[in-house]
Structures are given as C-alpha cells and as structure tokens.
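# pasting the sequence and the predicted model now:
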Amino acid sequence: MTALVCVLGASGRMGKAVIEAATGRMDVRISAAIDRAESPVIGTQVAPGLTARADLSAGLEACDVYIDFTSPEATRAAAQAATPLRRAAVIGTTGLDKDHEYAISQLAAVAPVVVAANFSLGVNMLLGLVKQAARALGSDWDAEVVETHHRSKRDAPSGTALAIARAIADGHGNDYDRVKRHSRDGDIGARPRGEIGVHSVRGGDVVGEHVVSFFGGAERIELAHRASSRSIFAAGALRAAAWAVGKPAGRYDMLDVLGLK
Ligand code: NAD
C-alpha cells in the first residue's frame, strides 16, 4: 500500500528534504505540501505536480499521515487540527514544552503518532549504546554530552542531546531532571557525582553532531554521531510514516519503527 503523506513546513530545511527523499519511493507519496500563509513558497511548485498550500485542514483531510518538521507552536496547532480527523502523525519538531506535548498526547489517544527528536538509524543506535554504557559503567564515570548544530537552529540543547542525556540517566537509574546540567558558568563548585552535562555549540551549516564522553579515573570513552546530510532524517521520517498507517492509536518512537524494542 502507498501511504499518502502531507508534509508540514514544506519550505523548511527538513520539509524540502522529506519531499526530495519521497521521489521514487513506492511506500509513500506526498499528497500535500503545507506551509505558513506568509511563506513565499505558497502557490509555487515544490515538486513535479505538487503545489505548496497554506490550507492545513485540506492537507490533513486528504492524507493518511502527516509529517511535521516545523515549530513548536505549529506542531501544537497541527496536532489539534488532526485530532478530530484521527490522522496518523510523524513529529520531528524539537523544543516542545508541556503544552505542546499535551496536544500531541490528545492526538496519540486517537491515532498512531511517532515522535522522535532524531529519525536517523545511527542516532537511535547511539541511544541504545549510550544507555548500555551508562548502565555498565555507573555514575562514577562522569558523563557529558556536546552537540553542534548550524547557526539557524532555534532550540538548545538539541532534542537529540536531551534524548541522549535521558538515556544516560536511565542507565544510571537516575531521574534526569535531578541530575541535568545544561552548560556551566561562574563559581559552580566541584562536579556532583551522577551529574550529566549537556553543552551546545552553534555555527555554520553543521547538520548535527553529538559526542558523548564517559570520564573514568585515567581513561575516557567517547561515542559520537555526525550527520552530514538531512536526507538521513527525511528517509527515517518517511519510513516512520509508512509504518504508522494502520497501527493502533498510541505514541511511538523510532525504536518501535526500527523494531529495536
Ligand atoms: P526551518 O526553519 O528550516 O523550517 C521550518 C518550517 O516550518 C518553515 O518552512 C516554516 O515556514 C514552517 N512553519 C513555521 N510555522 C508554521 C506554521 N504555523 N504552519 C506551517 N508551517 C510553518 O527548520 P528545520 O531545520 O527544517 O527544522 C524544523 C524542526 O525540525 C526543528 O524543530 C528542528 O529542530 C527539527 N529537526 C528534527 C530532526 C529529527 O530528526 N527529528 C532533524 C532535523 C530537524
């Protein structure tokens, strides 16, 4: 079966990558490309036979599943519009707070929703490795995460860095919110045991890099992932979209899609 996909944020970096990655695939077809009414892309062709529109409701009605790489506010509005339609969703927007998450949970109560801060196979593999390392090493090994992204990225730390840091806390058996340290400044004192540091670097056109360090007594382990193209996230999101159609309502992540649970 070919899943009809509505792409939100069609003129964004990720929206464009998703539309491009759909070319030639048999499992998905882009049925609508949606962006803000003010976007210069509205009314123009974004792929052969595909014109960008601002009508979210029409786009959602005429698809099996939508893919959302936009902004937290747009993600909330889309989830609210999709709930009465019980529309399946793939959500990659990061920087979501409790209100945005609530709208997503309302949709996930009636439709399958895949939410992931990172749709690449490599990062999802890294998450598993990091959790395993943290569990085996324990919190005596100081864990720090450094992420680097392009200068236009709005949220910090990256959603992927937060997912990695949570995986470390899980491996340690700790509650992340009690041990997190998002960058350091001033007279901060000695590093508490079990603390997890997360640091953000911004510059240039870096697609996304994450380096996880575990510092032992006189040794250090580093696990790293470097993305050199958005096509990996786009391909993962399309795979998630094809997978989600027909699944029971609920919230899923990329490990469900990849069969790694
Ligand atoms: P971008 O700024 O290039 O694109 C965002 C797009 O959303 C733009 O086209 C913008 O016009 C559109 N938009 C904003 N408000 C809208 C609205 N109300 N209705 C419709 N469209 C709207 O950003 P980007 O680099 O493509 O990233 C988008 C999001 O995806 C960010 O949160 C980013 O962190 C996240 N991201 C996630 C992954 C992942 O694998 N999960 C990978 C890369 C980026």
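All right, it came through fine. Numbers count the residues shown, from 1 in each chain.
# domain assignment for this protein?
Split into domains by automatic domain parsing, the chain comes to 3-118+230-257, 121-227.
# touching, Ser228 and Val207? I think so.
Yes. Using CB atoms under 8 Å, Ser228 is in contact with Val207, at 6.1 Å. In this view, the C-beta of every residue, glycine as well, is placed from N, C-alpha and C.
# ok, these two, which is more surrounded?
Val207 (18 against 10; other CB atoms under 10 Å).
# can you list the residues that contact stretch 147-162?
Residues outside stretch 147-162 that contact it (CB atoms under 8 Å, 6 or more residues apart in numbering): 71, 94-96, 117-118, 123, 145, 165, 182, 198-211.
# got it, and stretch 73-91?
Against stretch 73-91 from outside (CB under 8 Å, 6+ apart): 8-9, 36, 56-57, 60-61, 63-68, 70, 93, 96, 99-100, 103-104, 106-107, 110-116, 237, 240-241, 244-245, 247, 249.
# quick check: residues of the chain near the ligand?
8-9, 11-15, 34-36, 39, 69-71, 74, 92-95, 116-119, 233 (CB under 6 Å from any ligand atom).
# count of neighbours near Pro40?
10.
# once you drop chain neighbours, what's closest to it?
Take Pro40 and drop its neighbours on the chain: the residue closest to it by CB to CB, 6 or more residues apart in numbering is Ser11, 7.4 Å away.
# tell me which element that neighbour is part of?
Counting by DSSP states H and E, no helix or strand carries Ser11.
# need the contact list for it.
Per CB under 8 Å, 6+ apart, neighbours of Ser11: 35, 39-41, 46, 52.
# of the residues you listed, which belong to strands?
Filtering the contacts of Ser11 for membership in strands, criterion DSSP state E, returns 46, 52.
# of the contacts of Ser11, buried ones?
Buried residues within these, counting neighbours by 16 or more other CB atoms under 10 Å: 35, 39, 41, 46, 52.
# can I get these in CSV including pLDDT?
Below are the buried ones among the contacts of Ser11 laid out as CSV (pLDDT from 0 to 100):
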residue, pLDDT
Asp35, 98
Ser39, 96
Val41, 96
Val46, 97
Ala52, 98
